[in-house]
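1. predicted structure and sequence below. I'll ask about it afterward.
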Amino acid sequence: MADPFDGIEAKIDRAGEHIDALYGEIREWAKGDPYTVEAEPKGQSTHHRLYVRLHEVPDVRRWGLLFGDAVHNLRSALDHLVYAGAIRVSGQDPPPDFNVLQFVIADDEPRWASGLYHLKVPPLSEEMRTFVKSVQPYEASGVDRVQYDFLRWLRDLDDADKHRAIRPVFIVPAAVEAFVRCITSGSATFHMPLVPIEDEATLMTVSGEAVTEVEDDIKVALAIGVEIIPQAPTSVDAALDQMFQRVVGVTQQFRDRFLS
């Protein structure tokens with residue numbers, strides 16, 4: 001019988017290839033100062049719109065496909081892990097009920113309980129199911145533990161990619177005061193919408209009672225991100241690196257305990 005873990009490693013390696021390809025294309029695009037940031041109106045005003053001017057339009061559609069492919073391979077590696085566990089327990093390949101096996105990722109106890117159908121007996125041992133339960137998002141500690149859990153990110157992004165293309169977005173730096181200054185007293189509201197990577201996309205609006213001034217030569221290093229938490233994009237490299245490392249950690253722990 002072939003080592004079922006070979007397929008798991010192949011899936012993780014394939015995810016790494018997509019990640020490397022995506023990072024390489026983003027770096028290549030960023031080499032030649034492919035954008036500038038401009039403002040209207042110029043000078044002092046109680047309102048401004050800052051927008052991006054693309055001098056080289058990147059292949060955002062391809063970036064999204066590479067991102068989605070990486071996510072799907074990582075998610076598949078976890079499902080392959082359960083499949084490998086079922087082979088070990090049953091001694092059969094394919095194992096019983098192989099068509100419903102899935103690495104459950106649940107946000108709370110009720111969803112975990114309902115998801116046990118996909119980890120049903122006899123395919124997995126009680127010890128294996130206990131391990132899978134221990135790495136669930138709701139089992140983590142800390143504030144917003146579920147929202148910021150990397151397995152939850154993986155599940156949600158993979159589910160999203162099944163129904164729509166993932167579209168990377170621009171992330172505006174938090175250091176707004178570096179290029180926008182309040183000249184007079186009064187209120188000023190800064191709004192930064194989720195910014196698509198397209199020419200003349202609005203990065204920020206400034207409005208209020210205060211007179212504000214935007215630098216003539218705006219130097220802003222925009223990051224490439226993806227929306228995981230609504231209206232709070234995460235940089236592509238941080239998201240992928242963290243999900244990748246999480247999957248590698250989970251699969252290695254499972255292998256060491258149950259497949260070695």
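-> That came through, no problem. Residues are numbered from 1 along each chain as shown.

2. who touches M128 in this structure?
-> If you count contacts by C-beta atoms under 8 Å, 6 or more residues apart in numbering, M128 has them with 85, 89, 119, 254, 258. Backbone N, C-alpha and C define where each C-beta goes, glycine included.

3. any buried residues in stretch 222-242, and which?
-> 222-228, 233-234, 236, 239-240, 242 (16 or more other C-beta atoms under 10 Å).

4. and the residues you listed, which of them are in strands?
-> 223-228, 233-234 (DSSP state E).

5. low-confidence ranges, the stretch 1-150 of the chain, go.
-> 1-2, 121, 143 (pLDDT under 70).

6. ok but D199 is inside a strand, no?
-> No - applying DSSP: H, G, I helix; E, B strand; the rest coil, one finds D199 to be coil, outside a strand.

7. how about it: what's its closest non-neighbour residue?
-> Leaving aside its chain neighbours, D199 sits nearest to L54 (4.3 Å; criterion: C-beta to C-beta, 6 or more residues apart in numbering).

8. I figured that neighbour hits L203, correct?
-> No - at 11.9 Å, L54 does not count as touching L203 under the criterion of C-beta atoms under 8 Å.

9. who has more neighbours, these two?
-> L203 (21 against 14; other C-beta atoms under 10 Å).

10. strand partners of the helix or strand hosting the more buried one, parallel vs antiparallel please.
-> Per DSSP states H and E, L203 falls inside strand 202-214. Sheet pairing here is set by DSSP bridges, and for strand 202-214 it gives strand 44-54 (antiparallel), strand 180-182 (antiparallel), strand 188-191 (antiparallel).

11. I'm done for today, thanks for sticking with me.
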